[in-house]
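Engineer: whatever this is, show me its structure:
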Amino acid sequence: LRLGLYEPCKVAFGCTTPESTTFLKKFAAGSAAGALGSTVGNPFDVLKTKMMTTEGKVPSITGTAKELFKNQGIKGFYRGIDSNVARAMVLNGTKMSCYDTTKMLVVETTGLSKTSLLVQFLSAGAAGFFMTCTVSPFDMIRTRLMNQPADAKIYNNALDCFVKIVKNEGPATLWRGFIPIWSRFAPTTTIQLVIFEQLRGVMGMKAL
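Structural biologist: Numbers count the residues shown, from 1 in each chain. Predicted structure coming up:
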């Protein structure tokens with residue numbers, strides 16, 4: 001959804017010609033696609049986080065879902081949705097706008113085609129770095145919100161979590177784990193975007 005909705009969102013934001021396609025419009029289109037995708041995927045994200053932080057024997061996804069529903073109801077599946085949507089907007093907005101913009105710069109500099117694997121690879125690698133810079137704080141906030149005990153609420157919302165982390169632990173805490181996050185984003189973003197572009201070509205669609 002986050003990749004597939006990018007182009008329709010670009011059109012919706014008025015990106016119909018190169019002259020009207022600004023970086024901010026690309027970012028807005030990527031953010032809108034990210035928000036829609038995150039809203040649909042939030043329950044699965046909550047389940048994934050619960051399973052990853054479970055000590056001892058990890059229950060099945062069905063067992064985790066049943067336990068979550070029993071203890072917190074349907075709202076438990078949308079816990080931390082505010083920070084999740086905000087993160088998805090920043091992540092997808094950064095990824096798609098930086099990829100799109102870097103790709104144009106690489107094409108202009110090298111003279112290669114948009115469909116070139118080298119162009120796509122370099123552009124996706126750059127997007128992965130900038131994604132890490134903008135998303136790390138949201139990852140920290142999202143993790144704190146999702147892992148706080150249901151019976152001992154520490155943070156009221158994403159903004160409250162942000163303020164308390166900065167006040168009690170310092171701003172640098174928001175970028176804790178930068179290198180591991182970058183190590184994850186760099187290959188996954190590159191593979192994801194290159195495969196997406198290649199599939200568009202196979203289906204007879206233009207490159208982004």
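Engineer: helices and strands of this structure: which one bottoms out on pLDDT?
Structural biologist: helix 61-72 (a mean of 87; mean pLDDT, DSSP states H and E).
Engineer: okay, now the unreliable bits of this structure?
Structural biologist: 19, 58 (pLDDT under 70).
Engineer: what segments of it are helices?
Structural biologist: 6-12, 23-53, 61-72, 81-110, 117-147, 158-169, 178-202 (DSSP state H).
Engineer: on that earlier part again, can I get the least confident helix or strand of the chain as PDB, trimmed to CA atoms?
Structural biologist: What follows is helix 61-72, C-alpha atoms only, in PDB (Å, rounded to 0.1, in the frame of the first residue of the first chain):
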ATOM      1  CA  ILE A  61       0.300 -15.000  16.300                       C
ATOM      2  CA  THR A  62      -3.200 -16.400  16.900                       C
ATOM      3  CA  GLY A  63      -2.500 -16.900  20.600                       C
ATOM      4  CA  THR A  64      -1.000 -13.400  20.900                       C
ATOM      5  CA  ALA A  65      -4.100 -11.900  19.200                       C
ATOM      6  CA  LYS A  66      -6.500 -13.800  21.500                       C
ATOM      7  CA  GLU A  67      -4.600 -12.700  24.600                       C
ATOM      8  CA  LEU A  68      -4.500  -9.100  23.500                       C
ATOM      9  CA  PHE A  69      -8.200  -9.000  22.700                       C
ATOM     10  CA  LYS A  70      -9.000 -10.600  26.000                       C
ATOM     11  CA  ASN A  71      -7.000  -8.100  28.000                       C
ATOM     12  CA  GLN A  72      -7.500  -4.900  26.100                       C
END
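Engineer: what packs against that helix?
Structural biologist: Applying 3 or more C-beta pairs under 8 Å, 6 or more residues apart in numbering; DSSP states H and E, one finds that helix 61-72 contacts helix 23-53. (Glycine included, C-beta is placed from N, CA and C.)
Engineer: what comes up buried for the helix it packs on?
Structural biologist: By neighbour count on 16 or more other C-beta atoms under 10 Å, the buried set for helix 23-53 is 25-38, 42-43, 45-47, 49-50.
Engineer: what angle sits between it and helix 61-72?
Structural biologist: 90 degrees (axes from the mean of the first three to the mean of the last three C-alpha atoms, to 10 degrees).
Engineer: tell me how far helix 23-53 is from the chain's mean position?
Structural biologist: 6 Å (C-alpha atoms, centre = their mean, to the nearest Å).
Engineer: which other helices and strands does it contact?
Structural biologist: helix 6-12, helix 61-72, helix 81-110, helix 117-147.
Engineer: for those, could you give me TSV that also reports distance to residue 180 and mean neighbour count?
Structural biologist: Output for the helices and strands packed on helix 23-53, formatted as TSV (distance: least, C-beta to C-beta, whole Å; neighbours: other C-beta atoms under 10 Å):
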stretch	distance to residue 180	mean neighbour count
helix 6-12	27	18
helix 61-72	24	13
helix 81-110	16	21
helix 117-147	10	20
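Engineer: want to try a markdown table for those, with distance to residue 205 as columns?
Structural biologist: Compiled in a markdown table, the helices and strands packed on helix 23-53 are given as follows (distance: least, C-beta to C-beta, whole Å):
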| stretch | distance to residue 205 |
| --- | --- |
| helix 6-12 | 9 |
| helix 61-72 | 33 |
| helix 81-110 | 15 |
| helix 117-147 | 14 |
